[in-house]
Structures are given as C-alpha cells and as structure tokens.
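>>> structure of the sequence below:
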Amino acid sequence: MSDSVFSGLEPAAVWSHFATLCRIPRQSKAEDALRDHLLDWALGRGLAAEVDGAGNLIVRKPASPGHEAAPGVVLQGHLDMVCQANADTPHDFARDPIRPRRDGGWLVADGTTLGADNGIGVALILAALEDKQLVHGPLEALFTVDEEAGMGGAQGLAPGVLQGRLMLNLDTEDWGEFYLGCAGGADVNVHRAGRPTAVPAGHVLRQIALTGLRGGHSGVDIHEERGNAIKLLVRVLRGLEAHLPLRLAGLQGGSARNALPREARALVAVPAERSAELNAGLDAWQALLRDELAGVDAGITLSSAPADADAVLAETEQALWLASLHAAPHGVRRWSLAVPGVVETSNNLGVVSITPTEGSANFMVRSLRDSGSTALAEEIVSLFALSGTPAEISGHYPGWTPNPSSPLLALCQAAYTREFGGESQVKVIHAGLECGIIGAKYPGMDTVSFGPTIRGAHAPGERVDIDSVGRAWQLFTAILADLARSPR
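Numbering: from 1, shown residues only. The predicted structure is shown next:
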C-alpha cells in the first residue's frame, strides 16, 4: 500500500501511525502482529511497555519535566477493527492491507471497512507517546485487544495494573461531543443440530441473495431503521413458501455480531416446473421492500442463480428456524426516559448460519441498564426454548453510568471552549465502550471519551473526517497540558 494518500495530512505524526495500522492486519483475536510491532516500537523509544495476561499492550511514559506531581492519566483505545467487505470486493483481512483513499475532506476505504474505529484513536495515543515537546503528567496507554468481538481484552484486564485514576477513551465518533456513558450488553448464542433430508425429486436448486443494504454499527445506527438482511430474507422465504412448495437447503447472513447484516443468502429447492414463480415472487418482494425502505435502504436487491446442494432441511427444522427467526426481536426495544433521544435497549440479530446438519444464530443485546439487557436476552432464550433449541447468554459486560459532575468532564469542556469557542455537547452513546468494564475494575476512575468524526463504522465505506482528526489532536494535547498543571 502506498502512503501517498497520507501525504500533506496534518498532524503528520497521527496520520503516519494510522498508515502503519492500515498496513498491518488487525482482526479481532488476531492482533498479535500489530501488538508486537507496537511493543518493539515503544521499547525502542525507551518507554516501559508490557503485554498483560489478556493480551493487552500497556505503555508508560514519564511526566514531562516539572510535572511529575500531576495526576496520572490512562489513554485508552483498542487495536482490533471490524472486518467487513462487500461481496464483490476480494479482500483477505488476515493478510491484505487496508487501502484508503481521499474523498473530498474524508478518508475512506473502497469496498471494505477503514478501521478508523478505533485506529484513529490508537494513532492519536501513539503520537502523544512519541511527542517529546508535549506537556503532560504521567501517562499510561492501554491498548486493548478483542474489543469488537466481545471486549475480551477489557474483560481480562486485571485490577491493580493501572495506576492512573483519570482516563481519556478515544473511541467515539462525533467531533465536538464528550461521551459520559454507554450501553452494556450480552450475546445470545443459539445452536441446534439438524436432520438432513434428500432433495425432493424433480426439484431444482436456486441461491437467493439479498444484497444492497447499508449495514452499519449495531449500536450507533440501530435507531435508523436500516434493513437487517437476515430478518428481511426470512420474511421473504416465509412469504414465498406460503404459495410455493419451497424447501430450504441453507441460510447464511451477516458476518459480525456488532454490525447490521448487509447481505444474506438462502439455498432453496423448488419444483422445476415452478421455478419461474420463484423469480416472479422475488421481483414482487423486491419492489415491496424498496418501497418500505425508501430513504433508508432503497438499494435492496433480491436475485437468484442456479446452485447445488446435497440435502435440504427436514420440514420440521425448516418450519422451526424460519418461524423462530421471524419472531425473534431486532432493533430498538426501548428509548431512555432518563436521557431523552437515546436508545435504552436494543438487539441485533447479527449472524445466522443454517445447513441441513446444524444451525446457529447470534444476537447482540445492548442496554444502558444491565437489567434491560438481561431481560431482553432472557426473552430470546425463552423464544427458542419453545422449540427445545438451546440458547445461552454469554459475554455480559456492564454499562458505563454517567457522572455529570465529573471534574475531568469540566476540564475537558473548558479546554474545548478555550481552543475552539462555543460549547461542546455531553452525550451518552448506545454502543459498547470499554469504559464501563474498566470502571468496574477500577472504582472511582473518572473517565471521558471523545474523538474525531467517523461515519459508517462497521460497514464498507467507513470514513473519517480529515479536519476533525487535526482538531481532535489539538484538543487532546490541550487537555493533557491542562491536566499536567492540575494538583494530584
């Protein structure tokens, strides 16, 4: 990958580090190459650095001269990225670099996610660790792993490792806003063994593809009523089988638990003499869904192509899966009464894989209230229990309870007003930041989160506003300088 796309971008140090992150693959649970590179980078600059038992990288930088008595600050971001690519974009996230390009004032990746979430935050922290002119107190950089696939790094962080009691998290996506709270959540994983049946005589196989949806972040974008490819395709299949003797041979949809499913595909068998009815039915459904999703996901496309399969699902299994997935919740469950305009509880049916021999599904539940995520997760388990299908709740992580009287927030707001004029906004995000998990392990940690403007995180076409990265760096360094002058 050529770094020419970054030429002339400021601050140069931040973009240089982001270019490195684009070069080194960093899938969730496979961040070793990047982490080892950064460990060597830190040690080569005389910084204390270690990898903890959970695989997180911790780098410590002493205070700048004269500020040793300032309060210690933890700088936090995660190394992994959501790996999503369009079906027509060949990209191996385990090997290929991300290929960004400029699009006006934005940096974007064609056909794949960019990794600005949370690569820009990591790059800002690395630039601060490297900058010898920066005024700051004692710094601890915490680079976690496995954030996007279950927050495993934060979950595995041991108490007592961090010394700082102030934390700046750089994993939010709206410039000019300080985040002071986030949703917690849990996963519900469903699995059921199947009973394959021979393809009925005289039937032909077709693959039905539902594509063209925008996708997006399952927390940040859940309220926009974007289409869920899995839910929509299940609805189409149920509509088709009401008029056509359709047998299901497979269903695949979604590729990440925390991304709204953009595409789904089903293998079906229909009587050869009625295959034309299948195509006519798909045309009718496409027209209906485009009308329903106009202004949100009007690009939805339904298509079919010849396919092969050795077996189909038993009729009872087909009925069970299609009915259960059709009834399963997805989207906003409840809006917050305490924080108007913020989603309190939601669910994303993110990944489904069904074959004649077995089937599985993943639901990601989020809530500002732990009781809310628990209740909705248990509801999903109960739904599948009606058919004797095992479902288990796992990976629960706590939310981050807002503290409007936070002294760190007041300092950050004052720095924003001084540097840029105007007033910043205080927000609560319906996404899972690691702040809640870390805060539970370090009671009393005062935390604020901010960052540049990122759009389309967790979906191909993810982009970051270039100018906002420079403003985020200006604010970041101003806050660190103000903290360096604060009493411990």
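>>> and the chain, what are its domains?
Per automatic domain parsing, the structural domains of the chain span 3-182+400-484, 186-397.
>>> how many other residues sit next to G439?
For G439, the count of nearby residues is 20 (other C-beta atoms under 10 Å). Backbone N, C-alpha and C define where each C-beta goes, glycine included.
>>> what's the nearest residue to it if we skip its chain neighbours?
M445 (5.1 Å; C-beta to C-beta, 6 or more residues apart in numbering).
>>> cool, and P62?
Of all residues not flanking P62 in the chain, P138 sits nearest, at 6.4 Å (C-beta to C-beta, 6+ apart).
>>> give me the number of residues near the residue nearest to G439?
So M445, with other C-beta under 10 Å, has 17 neighbours.
>>> next one: the residue nearest to P62 from P487, what distance?
For P138, the distance to P487 equals 14 Å [C-beta to C-beta, to the nearest Å].
>>> strands along the stretch 1-150 of the chain, start to end?
Counting by DSSP state E, counting those that start in this stretch, the stretch 1-150 of the chain has strands at residues 48-51, 57-61, 73-78, 100-103, 106-109, 139-144.
>>> dihedrals phi and psi, E224?
Torsion angles at E224 (phi, psi; degrees, to the nearest 10) stand at phi -80, psi 0.
>>> wait, what's in contact with it?
216, 296 (C-beta atoms under 8 Å, 6 or more residues apart in numbering).
>>> again, but for the one 10 residues further on
Contacts here follow C-beta under 8 Å, 6+ apart; on that basis V234 touches 251, 322, 325-326.
>>> skipping adjacent residues, who's closest to it in space?
Spatial nearest neighbour of V234, excluding adjacent residues (C-beta to C-beta, 6+ apart): L325 at 4.6 Å.
>>> report the buried residues of the strand or helix carrying the one you found.
Taking DSSP states H and E as the criterion, L325 maps to helix 315-327. Residues 317-318, 320-322, 324-325 are the ones in helix 315-327 that count as buried (16 or more other C-beta atoms under 10 Å).
>>> if we can go back for a sec, P138 and P487: who's more crowded?
It is P138, of P138 and P487, that has more neighbours when counted by other C-beta under 10 Å, with 21 against 6.
>>> can you check the pLDDT for that one?
We have a pLDDT of 98 for P138.
>>> so the residue nearest to P62 makes contact with V73?
Yes: P138 sits in contact with V73 when judged by C-beta atoms under 8 Å, with a separation of 7.2 Å.
>>> shared neighbours, the two?
Jointly contacting P138 and V73 under the rule C-beta under 8 Å, 6+ apart are G164.
>>> how close does the closest residue to R471 other than its chain neighbours sit to Q425?
If you skip the residues right next to it in sequence, R471 has W175 as its closest partner in space, 6.2 Å away by C-beta to C-beta, 6+ apart. Using C-beta to C-beta, one obtains 10 Å as the distance from W175 to Q425.
>>> between those two, who's got more neighbours?
Just comparing W175 and Q425: by other C-beta under 10 Å the higher neighbour count belongs to W175, 19 against 11.
>>> let me see the confidence value for the more buried one.
97.
>>> got phi/psi on it?
When quoted as degrees, to the nearest 10, the phi and psi of W175 stand at phi -60, psi 140.
>>> tell me the contacts of it?
Contact partners of W175, counting by C-beta under 8 Å, 6+ apart, are 450-453, 465, 468, 471-472.
>>> out of these, which is most surrounded?
Counting neighbours by other C-beta under 10 Å, the top entry in the contacts of W175 is G451, with 28 neighbours.
>>> quick one, what contacts the nearest residue to it once chain neighbours are set aside?
Leaving aside its sequence neighbours, G451 sits nearest to T172 (C-beta to C-beta, 6+ apart; 4.6 Å). T172 sits next to 179, 427, 429, 433, 449-451 when contact means C-beta under 8 Å, 6+ apart.
>>> could you check stretch 115-134 and say which residues are buried?
115-131, 134.
>>> and the residue nearest to R471, how far is that from I120?
With C-beta to C-beta as the criterion, W175 and I120 are 11 Å apart.
>>> who touches both of the two?
Applying C-beta under 8 Å, 6+ apart, one finds that W175 and I120 are jointly contacted by 451-452, 472.
>>> from those residues, which is closest to S367?
Comparing the shared contacts of W175 and I120 against S367 with C-beta to C-beta places G451 closest, at 22.9 Å.
>>> model confidence at that closest one, what's the number?
pLDDT for G451: 98.
>>> spit out the contact partners of it.
Per C-beta under 8 Å, 6+ apart, neighbours of G451: 120-121, 124, 170-175, 472.
>>> which ones among those map onto helices?
Using DSSP state H, the members of the contacts of G451 that fall in helices are 120-121, 124, 472.
>>> can you name the residues that contact L260?
By C-beta under 8 Å, 6+ apart, L260 lies in contact with 213-218, 221-222, 226-228, 348, 350, 458-459.
>>> again, only using 6 Å
The contact partners of L260, by C-beta atoms under 6 Å, 6 or more residues apart in numbering, come to 215-216, 218, 226.
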